[in-house]
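[1] quick one, structure for this:
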Amino acid sequence: DIVCYAWQKEEGGQEHFLLAHKTRKWRPSDPPKLLEHVDEWRKPFEGTEDGKTSTDQFRRCVRYLKRWNDICIPTEEDYKPSGLAFVLLAAQELLPTRFTNGKPNDRRALRDLALKLSSCAGRLVAQKPTPEHEDLLGHLSDDEMNKFKARFATLSAALTEADKETEPMTACEKLQEVFGDDFPVPSEEETAEASKAPAVITTSSSGA
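    Residues are numbered from 1 along each chain as shown. Below is the predicted model of the structure:
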């Protein structure tokens, strides 16, 4: 996400930030403090870093969600959740998830997150921990919120079905339905020597 901030320094020396809003002009904000919160949310995911990109499971799952969001709603609409909204939802519900061998299991972590959000009673809330403390999903109508939760149900189902597949190529084809046609699908030659374990979303295969 690209946002526009203004920085001001008052006569007493106190500094503060303002966030540009397309309809509400400038609003109080605190991006440094928000980054501190994100760093705290990521601490439980230490040790889940990807060997190629050094991103942890928290960051990777948020990237998957942003990509999925763009596939579900390819144009900029008022009802399209922002990237920060997914960060806040992940902070609430995402848990570090690993295989029995200790390696991070992104597919299951994302599946469990989507399942929780789709089955949550009432409205989902993504409240910023910094000024203005607004709910970034508060602008969605009840109907839009219900559709948002229904999309999470579809995502959870696709990830569950992919987990059942023993052939990586078939599993990735199922994941293309939620992550887009450019989600990589290995060829038969590439999977010929692969084990029969269920396919897993990785940083390299997701394009995140």
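[2] so where's this protein uncertain?
    Along the chain, the model assigns pLDDT under 70 to residues 1-30, 192-208.
[3] where do the helices sit along it?
    31-42, 57-72, 83-93, 106-118, 142-164, 168-179, 188-191, 203-206 (DSSP state H).
[4] and of those, who's closest to Pro129?
    Across those, the minimum distance to Pro129, taken as C-beta to C-beta, is reached by helix 31-42, at 5.0 Å. Quick note: C-beta positions are derived from backbone N, CA and C, even for glycine.
[5] now for the closest one, which elements pack on it?
    Contacts defined by 3 or more C-beta pairs under 8 Å, 6 or more residues apart in numbering; DSSP states H and E place helix 31-42 against strand 15-21, helix 57-72, helix 83-93.
[6] closest one to Gly51 among the helices of the chain?
    helix 203-206 (8.8 Å).
[7] ok so, going back, can I get the helices of the chain in a markdown table with mean neighbour count and distance to Ala126?
    Formatted as a markdown table, the helices of the chain follow (neighbours: other C-beta atoms under 10 Å; distance: least, C-beta to C-beta, whole Å):
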| stretch | mean neighbour count | distance to Ala126 |
| --- | --- | --- |
| helix 31-42 | 14 | 13 |
| helix 57-72 | 22 | 12 |
| helix 83-93 | 20 | 4 |
| helix 106-118 | 22 | 10 |
| helix 142-164 | 17 | 11 |
| helix 168-179 | 19 | 20 |
| helix 188-191 | 11 | 38 |
| helix 203-206 | 18 | 22 |
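[8] got TSV for those, with distance to Asp135 too?
    Below are these laid out as TSV (distance: least, C-beta to C-beta, whole Å):
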stretch	distance to Asp135
helix 31-42	15
helix 57-72	17
helix 83-93	9
helix 106-118	15
helix 142-164	11
helix 168-179	25
helix 188-191	44
helix 203-206	28
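[9] one step back: nearest to Gly102, of the helices and strands packed on helix 31-42?
    helix 57-72 (12.5 Å).
[10] list the contacts of that closest one.
    41-42, 44-45, 48, 50, 55, 80-81, 83, 86-87, 89-90, 94, 96-97, 104, 106, 109-110, 113, 151, 155, 178-180, 201, 203, 206-208 (C-beta atoms under 8 Å, 6 or more residues apart in numbering).
[11] which phi and psi does Gly180 have?
    With angles defined as degrees, to the nearest 10, Gly180 sits at phi 100, psi 160.
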